[in-house]
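# Here is the input, now give the coordinates:
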Amino acid sequence: MLVYPQLATGALSQYPVQKRRSLRTVVNTSLDGRAIKLADPGAETTEWQLAYAGLTDDEVAALQQFFAASEGTLNSFTFLDPTGNLFAWSNELNNAAWSAGPFLSVNGGIADPAGGMNAWHLSDSGAGAQNISQTLSAPAAYLYCFSVFARSLESTAVTLLHGTNRVNRILGTDWSRIMAAASGDASAASIAFGVELPAGGSADVFGMQVEPQAGASLYKATTTGGVYENARFRDDALSITTTGVNCHSATVNIIYANHL
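Next up, the predicted model:
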């Protein structure tokens, strides 16, 4: 599986990043002048323009090797949106994208720290630990930051599941954002993230987010998620400009289209 490379810092991009979505509406005009309009989701495209500066020799070499492996626009690859949340349905923990333990109740409609009603109450009624998680089709070896807003009426220990990593956190009665940043198993082609409660434990959670970088950014609610498995380079040429010793710049254009 070809996956767009991270930089040495663990980020996929530098600022500024440009992202553009293009949608199409099909219009059928009848003989009497009436028009019927229908959305055409199959024609949707998403494009990113990544502007790099100050790249090291090693970072440029990795980018050039990846471009060669993709053979320019010919081969598709997995691209992790550097501007988004990799989770799908981040505000809908009862969606099929999420996997919950059999003794974990998941109830929505809870007031969240952003002023909405999108938080969820998790309660473990089993004799052992229970979790809710989502598995992403993304390389486990990459650096990811998993974050979530959480609270509990009682002092409760929760575990953040980050691939093979387990990070324990203590919750208080006020909302706080807890997070874990790490990389995982280099041989795994997918990685799971989630929250685990101990037996009898309960907590309110909101804003589950995974990003391909070392730290958490502003929470972004999602539906489709930020893992694009059939992205491509838009151009058949990769231009690198050397601006100094061990210092290079480049602009990369990436496109994802539902119909390709």
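
# Need the per-residue pLDDT for the residue of the chain positioned farthest from its centre.
No residue in the chain has its C-alpha farther from the mean C-alpha position than residue 32, which lies at 47.4 Å (CA atoms, centre = their mean). pLDDT, residue 32: 80.

# Just confirm it is within a helix.
No: assessed with DSSP: H, G, I helix; E, B strand; the rest coil, residue 32 is coil; it does not lie in a helix.

# any idea how far it lies from residue 48?
Relative to residue 48, residue 32 is positioned 43 Å away (CB to CB, to the nearest Å). No exception for glycine: its C-beta is placed from N, CA and C like everyone else's.

# Equivalent analysis for residue 255, please.
From residue 255 to residue 48 the distance is 8 Å (CB to CB).

# Then residue 38?
Distance from residue 38 to residue 48, by CB to CB: 28 Å.

# same check, this time on residue 212
For residue 212 relative to residue 48 (CB to CB), the value is 13 Å.

# what sits in contact with each of these two?
Residues touching both residue 212 and residue 48 by CB atoms under 8 Å, 6 or more residues apart in numbering: residue 82.

# which SS class is the closest residue to residue 163 other than its chain neighbours?
Closest residue to residue 163 apart from its sequence neighbours, by CB to CB, 6 or more residues apart in numbering: residue 184 at 3.1 Å. Assigned with three-state DSSP, residue 184 falls in the coil class.

# repeat for residue 58
Assignment for residue 58 (three-state DSSP): helix.

# going forward, begin numbering at 313 instead of 1
Shifting the count to begin at 313 puts that one at residue 370.

# which residues touch it?
Here residue 370 is in contact with residue 320 (criterion: CB under 8 Å, 6+ apart).

# what's the spacing between it and residue 503?
24 Å.

# tell me the contacts of the residue sitting nearest the centre point of the chain?
Centroid check for the chain by CA atoms, centre = their mean gives residue 398 as the closest residue, at 1.3 Å. Neighbouring residues of residue 398 by CB under 8 Å, 6+ apart: 392, 448, 450, 456, 521, 522, 523, 524, 537, 538, 539.

# Turn those residues into JSON lines, including secondary structure and pLDDT.
Output for those, formatted as JSON lines (DSSP: H, G, I helix; E, B strand; the rest coil; pLDDT from 0 to 100):
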{"residue": "392", "secondary structure": "strand", "pLDDT": "96"}
{"residue": "448", "secondary structure": "strand", "pLDDT": "96"}
{"residue": "450", "secondary structure": "coil", "pLDDT": "93"}
{"residue": "456", "secondary structure": "strand", "pLDDT": "96"}
{"residue": "521", "secondary structure": "strand", "pLDDT": "98"}
{"residue": "522", "secondary structure": "strand", "pLDDT": "97"}
{"residue": "523", "secondary structure": "strand", "pLDDT": "96"}
{"residue": "524", "secondary structure": "coil", "pLDDT": "95"}
{"residue": "537", "secondary structure": "coil", "pLDDT": "92"}
{"residue": "538", "secondary structure": "coil", "pLDDT": "94"}
{"residue": "539", "secondary structure": "strand", "pLDDT": "95"}
